[in-house]
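Everything below, folded, please.
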Amino acid sequence: MTDSKYFTTTKKGEIFELKAELNSDKKEKKKEAVKKVIASMTVGKDVSALFPDVVNCMQTDNLELKKLVYLYLMNYAKSQPDMAIMAVNTFVKDCEDPNPLIRALAVRTMGCIRVDKITEYLCEPLRKCLKDEDPYVRKTAAVCVAKLHDINAQLVEDQGFLDTLKDLISDSNPMVVANAVAALSEIAESHPSSNLLDLNPQSINKLLTALNECTEWGQIFILDCLANYTPKDDREAQSICERVTPRLSHANSAVVLSAVKVLMKFMEMLSKDLDYYGTLLKKLAPPLVTLLSAEPELQYVALRNINLIVQKRPEILKHEMKVFFVKYNDPIYVKLEKLDIMIRLASQANIAQVLAELKEYATEVDVDFVRKAVRAIGRCAIKVEQSAERCVSTLLDLIQTKVNYVVQEAIVVIKDIFRKYPNKYESVIATLCENLDSLDEPEARAAMIWIVGEYAERIDNADELLESFLEGFHDESTQVQLQLLTAIVKLFLKKPTETQELVQQVLSLATQDSDNPDLRDRGYIYWRLLSTDPVAAKEVVLAEKPLISEETDLIEPTLLDELICYIGTLASVYHKPPSAFVEGGRGVVHKSLPPRTASSESTESPETAPAGAPPGEQLDVIPTQGDLLGDLLNLDLGPPVSGPPLATSSVQMGAVDLLGSGLDSLIGASNFVSPPAAAVPANLGAPMGSGLSDLFDLTSGVGTLSGSYVAPKAVWLPAMKAKGLEISGTFTRQVGSISMDLQLTNKALQVMTDFAIQFNRNSFGLAPAAPLQVHAPLSPNQTVEISLPLNTVGSVMKMEPLNNLQVAVKNNIDVFYFSTLYPLHILFVEDGKMDRQMFLATWKDIPNENEAQFQIRDCPLNAEAVSSRLQSSNIFTIAKRNVEGQDMLYQSLKLTNGIWVLAELRIQPGNPSFMDLELSLKCRAPEVSQHVYQAYETILKN
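Numbering: from 1, shown residues only. The predicted structure is shown next:
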């Protein structure tokens, strides 16, 4: 007969009967009674009155009975702490029992009894069990240390249990290793500051050895521990990846995801040029595809993780589009997630296949799914430009079906397509207007009103259409009311004579009859604009709109990197960092991917290493990357390093929190500090003009006394890529100090504040010498010019190309990334004139293979003018001679990091007004020669 019989009795007076049975002399009767007690306890009855009687049953050799009594003890020890002390002697005795199962059971139960009085007695038995000869006892004791630490952390540290746990990582039994790792990880999680898991290559090797022989949960603990380790170089990262890869074929999906997490993290350190990198990408796809054949709940978790992986490395699954096609019996949550991944993987190569599939989905019966499918077609048009034509015609076909919700979704996405491709598909507006009456959802109505207002000049009866919406103005949602107000103002600015009455009507409705503050404020702004300055109104309301970006729902890069470190956990399902949903006192550590490195096979000699690198230390080289964001992961968002005082009167800036509040948590820098006071020219606080226009303007501070060439400002970050913030700029060198002259323009519809800037490590250590100071909020359509002083004492990393600078700019909206190339002549220092004898000796000393030859054609200057122009940019002429009618200039320059470049410039007369120049450059760091030549050409031809 099964144990279910114990749960069926509901007699009164049962406690007395049980008491009698528990004190019976017959073992079988005792066991039956304890089972009945446990059954009553399980269904919620209070059987604590039987505590002393049950505890008396502990003195038995029967393992089953002992387990039941221990189960009872765990449950009631907290409510009866004084009685629980009675059981301590039996625990201590059981910890020395010859049977390892009983020893383990005793130590496990003692760990689960959360009573302070008992924990003191637990220390000695636990210490013995941690060194027990039987691995089963040792693995149980390891977990018990974590439980004890949770009750009394100080006791565990005083008793030295943490050191014993660390020793267990070297245990011969893999399960003991796994439990020791799990216990240490648990303790480290609740005490983030303690460096408990001090991992090094030796301990990592032991973990990898244990990994092959553990149970599946042991493997997960070890893999999660490996994911927290940062290898010292790419070779170690590759070695760990090779040993973790076999776990990808494990039957347990949790093991697979943990292995994927480790590989995704360590791939960051591998060069994309390595053959192994390509092999690893191929190996990652099959296990992820296999996860999609599990039950729907597991599929969903897998899909949420795949969504992150595809955003980080779309190349892993780019050939696996078909597995994300929806099956008829998939639950809706799986269907919607698959749809999202399909769009992320959509490219020119597979777009035809994707569109055919999406069109099929749009005829399904599930309304939510159909809506998402129609929206997906629009997202494809925005993402893959070549497919836009086909997507629009597909959407028009769907509109012809006249299915209400399909039509409404189609209109919403067509509005976005108009924004992405202006003046291309407006011919479809007539078709859209035919469906005006069927729109009943706020978003669709708002989209249609926007289209009518934006293209009013192409729609003959635009005023009638908008008037029809105006009739029920107060019944509309706020979204529709705001859109209608703007659309009618646009219409008035385009057709003022015909729509005066209409605009007055809507302004009156918005300002006088509405309770909504947003609507009222917008109405008053338009009213004042139109009544005071119609020209300004036209510029504001009919301003050119920034193009919308391809993927609007991508996760912000630094958050994505943090979530990649949490693959296989709840954070990867929520797509939120643990700090967003974990409550309580436990410190949540922000994780981030390791910085990308390459093999340290640099052939640079110490004297060619840029300033800032310690002598003899090889520089990290970032491989060329198409995607800048991938590389800004190692963006050093600490404070700017203050440089030596600049060559002007300087004022000490107070310590300022460089990036406001919040970016530290965004980036994941737990040790974020305020920057030290940086020496900054006193007059650089005010925005400065650039170039010669500022030369005689004594009030604005430093003029361009050296006359160094300043390139015109170029757009570095277009508004469409930065949510409306446009950044243009150039670099200048003025009296020994380098500046980045920036022009910030707000093309968004909201005010921008809290600006800050940070540079990635770069070849010459360029870094901001002061915070980015935008003194007033940047209003829509406003432009501000700022001169940001720079120094060259930042972190150094050789870039490709050498003069590449990667920048992060933060404001109240987001963090934005861009890269730009700085002209090398801003790094030519004022003391770059070499002595003649030294020049000759150095020229001979530099090997001939380091000499580079270049030609500069059609230079409009003679020898004197060339020498003078170059000297203004700190290229100094040391000697000049004439050989067979050709002028020869011998020149030197010095870079901020101490590298000297020697030049021989031969000027050959061409036609009367233009010269051809031959430039020979010699340098101990030949990689700078190409950039020095470009500086020569820029200076002489502008």
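
Tell me the secondary structure at residue 789.
strand (DSSP: H, G, I helix; E, B strand; the rest coil).

Give the burial count for it, as a bare number.
By other CB atoms under 10 Å, the residues close to residue 789 number 23. The way it works is simple: take the backbone N, C-alpha and C, and place the C-beta from them, glycine included.

can you check residue 721 too?
By other CB under 10 Å, neighbour count at residue 721 equals 17.

One more: residue 555?
18.

wait, isn't it in contact with residue 561?
No: at 9.5 Å, residue 555 does not count as touching residue 561 under the criterion of CB atoms under 8 Å.

could you give me the average pLDDT of stretch 26-46?
Stretch 26-46 comes out with an average pLDDT of 81.

which other residues reach it?
Contact with stretch 26-46 is made by 3, 6-7, 9, 14, 18, 21-22, 24, 47, 50, 54, 57, 60, 62, 64-65, 68-69, 71-72, 75-76, as judged by CB atoms under 8 Å, 6 or more residues apart in numbering.

Once you drop chain neighbours, what's closest to residue 251?
Ranked by CB to CB, 6 or more residues apart in numbering and with sequence neighbours excluded, the top spatial neighbour of residue 251 is residue 216, at 7.9 Å.

likewise residue 714?
residue 728 (6.3 Å).

Now that neighbour: which helix or strand?
Per DSSP states H and E: residue 728 is located in strand 725-734.

quick one: whichever helix or strand comes after that strand to strand 725-734, angle?
For strand 725-734, the succeeding helix or strand toward the C-terminus, using DSSP H and E, is strand 737-746. Angle of strand 737-746 versus strand 725-734, following axes from the mean of the first three to the mean of the last three CA atoms, to 10 degrees, is 160 degrees.

Just checking: what are the partner strands of strand 737-746?
strand 725-734 (antiparallel), strand 783-791 (antiparallel) (DSSP bridges).

Dihedrals phi and psi, residue 59?
Residue 59 adopts backbone torsions of phi -80, psi 80, taken as degrees, to the nearest 10.

In contact with it, which residues?
residue 90.

In the stretch 301-450 of the chain, what residue spans correspond to helices?
Using DSSP state H, counting those that start in this stretch, the helices of the stretch 301-450 of the chain run over 332-345, 351-361, 367-383, 388-400, 404-420, 429-434, 442-454.

could I get those helices as CSV with distance to residue 917 and mean pLDDT?
Shown next, in CSV, are the helices of the stretch 301-450 of the chain (distance: least, CB to CB, whole Å; pLDDT from 0 to 100):
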stretch, distance to residue 917, mean pLDDT
helix 332-345, 52, 90
helix 351-361, 51, 88
helix 367-383, 48, 88
helix 388-400, 49, 87
helix 404-420, 47, 87
helix 429-434, 58, 82
helix 442-454, 54, 89
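
any idea which of the strands paired with strand 737-746 is most buried?
strand 725-734 (a mean of 23; mean count of other CB atoms under 10 Å).

Check the offset of it from the chain's centre.
26 Å (CA atoms, centre = their mean, to the nearest Å).

Among the contacts of stretch 26-46, which lie within helices?
14, 18, 21-22, 54, 64-65, 68-69, 71-72, 75-76 (DSSP state H).

In the stretch 651-800 of the chain, where is pLDDT below threshold?
Flagging of the stretch 651-800 of the chain using pLDDT under 70 yields the residue ranges 651-707.

Please verify my assumption that the residue nearest to residue 714 contacts residue 713.
Yes: between residue 728 and residue 713 there is a contact under CB under 8 Å: 4.4 Å.

so who does residue 714 touch?
728, 729, 730, 820 are the contacts of residue 714 under CB under 8 Å, 6+ apart.

Taking these together, which two end up most distant?
728 and 820 (10.3 Å; CB to CB).

anything in contact with each of those two?
714, 716.

Could I get the helices of the stretch 301-450 of the chain in TSV, plus columns for mean neighbour count and distance to residue 304?
Output for the helices of the stretch 301-450 of the chain, formatted as TSV (neighbours: other CB atoms under 10 Å; distance: least, CB to CB, whole Å):
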stretch	mean neighbour count	distance to residue 304
helix 332-345	20	7
helix 351-361	17	20
helix 367-383	22	16
helix 388-400	19	27
helix 404-420	21	24
helix 429-434	15	35
helix 442-454	23	26
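
and those as TSV, adding distance to residue 896?
Below are the helices of the stretch 301-450 of the chain laid out as TSV (distance: least, CB to CB, whole Å):
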stretch	distance to residue 896
helix 332-345	43
helix 351-361	49
helix 367-383	43
helix 388-400	48
helix 404-420	43
helix 429-434	58
helix 442-454	51
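
Quick one: closest of those to residue 795.
helix 332-345 (33.6 Å).

what's the angle from that closest one to helix 351-361?
160 degrees.

on that earlier part again, anything in contact with each of residue 728 and residue 713?
In contact with both residue 728 and residue 713: residue 743, using CB under 8 Å, 6+ apart.

Any idea what the residue nearest to residue 714 is bridged to?
In beta-bridge terms (that is, DSSP bridges), residue 728 pairs with residue 715, residue 743.

Now do residue 421, the pLDDT please.
pLDDT, residue 421: 84.

Confirm for me that it is in contact with residue 389.
No: in this structure residue 421 lies outside contact range of residue 389 using CB under 8 Å: 9.6 Å.

give me every residue that touches the residue nearest to residue 251.
Contacts of residue 216 by CB under 8 Å, 6+ apart are 250, 251, 252, 254, 255.
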